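Visitor: okay, here's the prediction I keep looking at, along with the sequence it came from:
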Amino acid sequence: MERESFQSRLGFILVSAGCAIGIGNVWKFPYIAGQNGGGLFVLVYLLFLAIMGIPILTMELAIGRGSGLSIVRAYKKLEPKGSKWHIHGWFCLAGSYLLMMFYTTVSGWMLDYAWKFSTGTFDSIAPEQTDAVYADMLQNPWEMLVFLTITVLIGFLVCFGGVKNGLERVNKWMMLALLVLIVVLAVNSLFLSGTAEGLKFYLMPNFESFQKVGLLKIVSAAMSQAFFTLSVGIGSMEIFGSYMSRDNTLTGEAIRITALDTFVAVISGLIIFPACFTYNVAPTEGPSLIFAALPKIFMHMPLGRLWGSLFFIFMSFASLSTVTAVFENPISACIDNFGWSRKRSAAVNSALMFVLSLPCLLGFNVWSGVKLFGKDFLGAEDFLVSNLLLPVGALVFLFFCSYRFGWGFDSYRSEANTGRGVKIGKGMRCYFRYVLPLLILFILVTGLVPQQG
């Protein structure tokens with residue numbers, strides 16, 4: 001059976017960017033930037049995206065396009081005879097399941113809040129009651145179960161339609177709608193009274209924060225955010241490489257995907273910080289900012305119900321674009337490895353993902369007393385993916401593409417440079433072999449060692 005491919009270059013870029021663009025772009029990037037020196041952090045972040053994120057992204061895409069297969073079969077096709085690189089492919093598959101085990105729950109929260117705002121839930125309460133709405137949602141497993149179910153069904157119904165008619169068609173329009181919404185929301189925020197103060201906090205180098213936090217922590221935070229924002233390391237991007245054409249170089253495509261991902265992250269700050277300073281909400285609240293603090297902001301705004309609805313619809317698109325993209329990985333893996341049809345793979349994985357997502361959902365209520373690594377289910381699953389599987393996986397991809405005992409730098413470079421666009425020079429071999437591994441090891445160590453202060 002002939003392998004599917006993307007119908008257009010725009011479809012590939014939007015679907016791949018949709019995989020990278022997620023909830024973390026909206027709340028995590030802005031508040032981490034504010035905590036770590038504002039504009040200085042943003043500059044360091046952009047630097048490490050260029051010198052670290054983009055090269056690793058090209059490697060995942062090269063393995064996918066060079067093999068035309070999902071990650072396990074891709075390794076088997078490209079690895080030297082007798083080697084066992086394909087074992088890492090199974091860890092990538094496990095990482096995709098693990099990521100979706102908590103991401104589906106959080107995506108369900110976004111849908112829930114979009115529903116709450118659009119139906120007027122926040123019109124009938126006082127601003128100080130928004131914390132209680134969030135707490136009540138977490139304590140109600142049935143409410144969360146409804147939106148988890150919707151999330152899983154959307155994810156697999158999209159993938160059920162295939163690459164062209166499902167993933168590309170739906171995600172292309174969802175991403176275009178996301179980009180329109182984020183620009184509309186940002187323009188609205190720029191007319192608020194706290195815009196100047198908010199932008200100063202967000203984009204101007206804050207030397208007081210620099211002295212308090214320290215250069216090492218700012219660099220560490222910027223490196224980690226630059227690395228994790230692209231979700232490289234578990235084969236999420238590799239699968240889209242297997243569907244792409246050979247008309248354009250992979251570095252050029254990686255730059256476009258990264259630019260779109262960064263655009264959403266940076267513009268999110270333009271939405272959030274002016275609103276925080278206008279309505280006296282602490283901008284460094286972190287995860288609770290979206291569900292506890294931002295609703296208070298919208299409740300104070302003229303047409304707050306409209307803006308709140310649009311914001312959480314935007315957040316739902318951001319999260320669902322990731323869900324549908326990552327779901328493609330296990331579906332394609334079952335097709336390639338077990339010979340299943342797409343319909344069977346989508347149905348089996350849909351049921352499996354629903355069941356695997358329940359511990360995270362129940363961890364906030366029925367199973368709230370259960371802890372893993374001292375964390376609730378969501379925290380433990382997030383820790384395993386973000387701090388272990390992603391950086392270790394990126395190292396494996398890097399060694400596979402850089403050394404002769406793997407695919408080799410020449411083979412990787414030949415694949416990456418096929419087509420029109422930005423090329424990788426021969427002189428990058430030493431950088432890939434000796435500098436990039438140290439950068440990723442730094443991220444791995446700092447992610448596993450508890451931070452002080």
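Guide: Noted; the coordinates are in hand.

Visitor: so where's the stretch 351-453 of the chain uncertain?
Guide: 450-453 (pLDDT under 70).

Visitor: before we move on, what about the stretch 201-350 of the chain?
Guide: The stretch 201-350 of the chain contains residues with pLDDT under 70 at 209, 283-288.

Visitor: again, 90 this time
Guide: Scanning the stretch 201-350 of the chain for pLDDT under 90 picks out 201-233, 236, 244, 261, 264-304, 307-308, 310-312, 314-326, 328.

Visitor: kindly report the same for the stretch 51-200 of the chain.
Guide: Ranges of the stretch 51-200 of the chain meeting pLDDT under 90: 122-132, 134, 155-195, 197-200.

Visitor: ok, which stretches of it are helices?
Guide: Using DSSP state H, counting those that start in this stretch, the helices assigned to the stretch 51-200 of the chain run over residues 54-67, 71-78, 86-118, 130-139, 141-160, 169-189, 195-203.

Visitor: ok, Gly421 - contacts?
Guide: Asn248, Thr249, Thr251, Gly252, Glu253 (CB atoms under 8 Å, 6 or more residues apart in numbering). C-betas here are computed from N, CA, C, even on glycine.

Visitor: from those, pick the one nearest Thr119.
Guide: Of all these, Thr119 sits closest to Glu253, with 40.6 Å by CB to CB.

Visitor: quickly compare the helices of the stretch 51-200 of the chain and say which is most buried.
Guide: Among the helices of the stretch 51-200 of the chain, helix 54-67 has the highest mean neighbour count (mean count of other CB atoms under 10 Å), at a mean of 26.

Visitor: quick one: that helix to chain centroid distance?
Guide: With CA atoms, centre = their mean, to the nearest Å as the basis, helix 54-67 stands 17 Å off its chain's centre.

Visitor: same question for stretch 8-19.
Guide: Taking CA atoms, centre = their mean, one finds the center of stretch 8-19 at 14 Å from the center of the full chain.

Visitor: re the thing from before, got TSV for the helices of the stretch 51-200 of the chain, with distance to Val213 too?
Guide: Converted to TSV, the helices of the stretch 51-200 of the chain look like this (distance: least, CB to CB, whole Å):
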stretch	distance to Val213
helix 54-67	26
helix 71-78	38
helix 86-118	27
helix 130-139	28
helix 141-160	35
helix 169-189	26
helix 195-203	14
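
Visitor: between these, which gets nearest to Ile21?
Guide: Going by CB to CB, the one of the helices of the stretch 51-200 of the chain nearest Ile21 is helix 169-189, 7.4 Å.

Visitor: of the contacts of Gly421 - the most surrounded one?
Guide: In terms of neighbours by other CB atoms under 10 Å, these top out with Glu253 at 27 neighbours.

Visitor: so who does that one touch?
Guide: Phe12, Ile13, Ser16, Leu61, Met244, Gly421.

Visitor: tell me which of the contacts of Gly421 is nearest to Ser357?
Guide: Nearest to Ser357 among the contacts of Gly421, counting by CB to CB, is Glu253 at 31.4 Å.

Visitor: relative to Arg9, how far out is the closest one?
Guide: 8 Å (CB to CB, to the nearest Å).

Visitor: ok so, going back, farthest-apart pair in the contacts of Gly421, please.
Guide: The largest separation in those, counting by CB to CB, is between Asn248 and Thr251 at 9.4 Å.

Visitor: which residues touch stretch 407-419?
Guide: Around stretch 407-419, the neighbours that count as contacts under CB under 8 Å, 6+ apart are 58-59, 61-63, 65-66, 78-79, 245-252, 400-403, 423-424, 426, 428-429, 432-433.

Visitor: no wait, stretch 189-200
Guide: Stretch 189-200 is touched from outside by Gly38, Leu270, Ile271, Ile272, Phe273, Pro274, Ala275, Cys276, Phe277, Thr278, Tyr279, Pro283, with contacts defined as CB under 8 Å, 6+ apart.

Visitor: tell me, how many residues neighbour the closest residue to Arg73 other than its chain neighbours?
Guide: The shortest distance from Arg73 to any non-neighbouring residue, by CB to CB, 6 or more residues apart in numbering, is to Asp336 (4.6 Å). Asp336 has 22 neighbours, counted by other CB under 10 Å.

Visitor: which of the contacts of Gly421 lies closest to Ile150?
Guide: Glu253 (32.0 Å).

Visitor: longest helix of the chain?
Guide: helix 304-338 (DSSP state H).

Visitor: could you check that one and say which residues are buried?
Guide: 304-305, 307-337 (16 or more other CB atoms under 10 Å).

Visitor: next, give phi and psi for Asp376.
Guide: Backbone geometry at Asp376, expressed as degrees, to the nearest 10, gives phi -70, psi 180.

Visitor: contacts only, for it.
Guide: By CB under 8 Å, 6+ apart, Asp376 lies in contact with Gly363, Phe364, Ser368, Val370.

Visitor: just the ones of those residues in strands?
Guide: Per DSSP state E, strands hold no members of those.

Visitor: redo these as CSV? Include distance to Leu157 and neighbour count.
Guide: What follows is these, written out as CSV (distance: CB to CB, whole Å; neighbours: other CB atoms under 10 Å):
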residue, distance to Leu157, neighbour count
Gly363, 26, 25
Phe364, 26, 19
Ser368, 31, 13
Val370, 32, 12
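
Visitor: which pair in these spans the largest distance?
Guide: Farthest pair in the contacts of Asp376, by CB to CB: Phe364 and Val370, 10.9 Å.

Visitor: who are the neighbours in contact with Pro330?
Guide: Pro330 touches Leu93, Ser96, Tyr97, Ser345, Asn349, Met353, counting by CB under 8 Å, 6+ apart.

Visitor: my guess is the second one meets Gly233, correct?
Guide: No: at 10.8 Å, Ser96 and Gly233 do not qualify as touching, with contact defined as CB atoms under 8 Å.

Visitor: just flag the most distant two among the contacts of Glu253.
Guide: Ser16 and Gly421 (15.1 Å).

Visitor: could I get the contacting residues of Gly120?
Guide: Going by CB under 8 Å, 6+ apart, the list of residues near Gly120 reads Arg305.

Visitor: any idea how far it is from Met299?
Guide: Counting by CB to CB - Gly120 and Met299 are separated by 11 Å.

Visitor: got it, and Met353?
Guide: The gap separating Met353 from Met299 is 35 Å, by CB to CB.
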